[in-house]
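Q: take a look and give me a structure for this.
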Amino acid sequence: ETDVLKLEKAISGGQIEEVIQQAENELTLARKMLEWKPWEPLVQEPTPGQWKWPI
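A: Numbers count the residues shown, from 1 in each chain. Below you'll find the model as predicted:
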């Protein structure tokens, strides 16, 4: 779509500049996640109760 107003209305995500910024932020996070590899096992077991919520 070339009409910015129509595009903003169609995606209901705010101004197109905000949508672009959000997409860039998500791409940055995705690249960091590839580096961090959070899907791999922990290097060290957490201390007991470390992830207990609420405290």
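
Q: longest helix in this structure, please.
A: Among all segments of the chain classified by DSSP state H, the helix with the greatest residue count is helix 16-36.

Q: worst-scoring helix or strand of the protein, pLDDT-wise?
A: helix 4-11 (a mean of 88; mean pLDDT, DSSP states H and E).

Q: relative to Pro38, how far out is the residue with the largest distance to the centre of the chain?
A: What lies farthest from the middle of the chain is Pro48; by C-alpha atoms, centre = their mean that is 28.7 Å. Here Pro48 is placed at a distance of 21 Å from Pro38 (C-beta to C-beta, to the nearest Å). For glycine as for every other residue, the C-beta is placed from the backbone atoms N, C-alpha and C.

Q: where in the chain is pLDDT low?
A: Confidence mapping of the chain against pLDDT under 70 gives the ranges 1, 55.

Q: again, 90 this time
A: Scanning the chain for pLDDT under 90 picks out 1-16, 19, 49-55.
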